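In: Sequence plus the predicted model coming up.
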Amino acid sequence: MSEICNIALLGQKLMGRAHSNAYRNVERFFNVPLKPVMHTIVGQDLIALAPFADRWGWKRYSTSWKEVVKDPAIHLVDVSTPNYMHAEQALAALAAGKHVACEKPLAATLKDARSMKNAAARARKHRTFVWFNYRRCPAVALAHQLVADGRLGRIYHLRACYLQSGGDPETPLLWRFQKKYAGSGAHADLNSHIIDMARFITGQEIVEVGGALAETFVSERPLPGAAAHPARTGSRSRKKSVGKVDVDDCVLFLARFNGGAVGSFEATRLATGHQNNNMIELNGEHGALRFSFEDMNLLWFFDKHEDARTAGWRRIMCTSAGNHPYAGAWWPDAHLLGYEHTFVNMVADMMAVLAGDEPTVPIPNFADAYETQRVLEAALLAAKHRAAVRLSEVK
């Protein structure tokens, strides 16, 4: 590959903004071996595309992703569209000889995820990446390193939860609340993150889902553009203004890991009082760790071998250059990072990998993300059948 990497980004909504910001700013903070060039932005809303391209710095814009992925000038196709579109777009990009980055979860269904994994395995010269961006929080990356260094010893317990409250009954029936577009609800959107984070930090794989619960609390939602409180003059008008929800609002499950640890996972969009509380805690024979994204610059560490008179949870501000992953690229100690920095850190690692270098910490590809998708599927099966599901049965 040349010293530049021409990017085509599919999708111009929330993740389109996050990815655009990362491509635009990575060179300002990292000495990347490849220069990411913002070549083409692709979206469905033609009226909004030109202002979006101009605002974020894209050279071109298009409403035809099928044409763009075949463009010989493009090196990397970035898929940030709704879940149901991932497989078709990623497969087309790989077939066209492109590297592919894809938003999480890998796909809306296990079948689609499998086809993406297999296609990536066949396209060996082309790299794949999945945007599990929370791995790029310095605190989470440090947790991964501490576990790998043996600071926790054998891991006994893991508890992870992703708590949001953005799914109240007044939230419109967006694509995330429809199975044909999303695959599942809070499970795909939120549990995918904490499953990946658990696998990443522990270095272990989940081998069994011991049981699960899936619940939909809000069965109908206002259609986009409809009044939040439709007129109650008759059932006919109400039916026109609301639509059925056919995905979960909440999924909880228990898991066993191949290293002997046991874990609990909870994802919900109806955790009143929580905005974006992505939390994980590990308890081991020598120590413990805990992290919450709402205090994303902090990692809490407990060393069991400290003097009992002064032992306790240690608050680590993960902003020290040379000591904490990614921190050296940014600001002086304790000048805090935010959500957008995780995406910039990810682009820096993607450019390193494409240049043949090592990322700061492991970066998930399609094969890696497929393992997370298998766990998502196992949890849904466990909830459906009210039974334990071994991962060896989910392929």
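Out: Happy to help now that I have it.
In: Which residue, neighbours along the chain excluded, lies closest to N25?
Out: Spatial nearest neighbour of N25, excluding adjacent residues (C-beta to C-beta, 6 or more residues apart in numbering): V344 at 5.6 Å. Heads up, the C-betas are built off the backbone N, CA and C, glycines and all.
In: Need the pLDDT of that neighbour.
Out: V344 carries a pLDDT value of 98.
In: Show residues contacting the helix or strand harbouring it.
Out: According to DSSP states H and E, V344 maps onto helix 339-354. The contact list for helix 339-354 (C-beta atoms under 8 Å, 6 or more residues apart in numbering) reads 1, 5, 18-19, 21-23, 25-26, 29-30, 32-34, 36, 75-76, 99, 101, 127, 129, 131, 133-137, 296, 326, 329-330, 358-361, 363.
In: separation between the residue sitting nearest the centre point of the chain and W331?
Out: For the chain, the residue nearest the mean C-alpha position is F132 (3.4 Å; C-alpha atoms, centre = their mean). Per C-beta to C-beta, to the nearest Å, F132 is found 24 Å from W331.
In: again with V389
Out: Distance from V389 to W331, by C-beta to C-beta: 45 Å.
In: next one: L9
Out: Counting by C-beta to C-beta, the gap from L9 to W331 is 27 Å.
In: So for those two, which residue has more residues nearby?
Out: L9 (27 against 13; other C-beta atoms under 10 Å).
In: Now that that one has come up, it's in contact with W58, right?
Out: Yes - using C-beta atoms under 8 Å, L9 is in contact with W58, at 7.4 Å.
In: where are the low-confidence patches of this protein?
Out: Confidence mapping of the chain against pLDDT under 70 gives the ranges 1-2, 226-240.
In: Show me the helices in it, by range?
Out: 14-29, 46-56, 65-68, 86-95, 110-122, 138-148, 179-182, 186, 192-202, 235-241, 339-354, 366-385 (DSSP state H).
In: closest one to N278 among these?
Out: helix 192-202 (6.3 Å; C-beta to C-beta).
In: what helices or strands is that closest one leaning on?
Out: helix 138-148, strand 155-163, strand 206-215, strand 262-268, strand 277-284, helix 366-385 (3 or more C-beta pairs under 8 Å, 6 or more residues apart in numbering; DSSP states H and E).
In: Spatially nearest residue to D246, not counting backbone neighbours?
Out: K179 (4.7 Å).
In: Over to G185?
Out: In space, G185 is closest to V247, 3.3 Å off (C-beta to C-beta, 6+ apart).
In: Repeat that for N21.
Out: Nearest to N21 is E340, by C-beta to C-beta, 6+ apart, at 5.5 Å.
In: got it, and E358?
Out: That would be A352: by C-beta to C-beta, 6+ apart, it lies 6.7 Å from E358.
In: Now for that neighbour, how many residues are close by?
Out: 18.
In: gap between it and N83?
Out: 27 Å.
In: and the nearest residue to E294 once chain neighbours are set aside, how many neighbours?
Out: In space, and not counting its chain neighbours, E294 is closest to N277: 5.3 Å by C-beta to C-beta, 6+ apart. Counted by other C-beta under 10 Å, the residues lying close to N277 total 16.
In: still on that earlier bit, what's the residue nearest to G185 in contact with, if anything?
Out: Counting by C-beta under 8 Å, 6+ apart, V247 has contacts 176-179, 182-187, 216.
In: Which segments of the chain make up each domain?
Out: Domain assignment for the chain by automatic domain parsing gives 4-130, 136-332+366-385.
In: any chance of the ones you listed in JSON lines, with distance to A348 too?
Out: What follows is the domains of the chain, written out as JSON lines (distance: least, C-beta to C-beta, whole Å):
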{"stretch": "domain 4-130", "distance to A348": "4"}
{"stretch": "domain 136-332+366-385", "distance to A348": "7"}
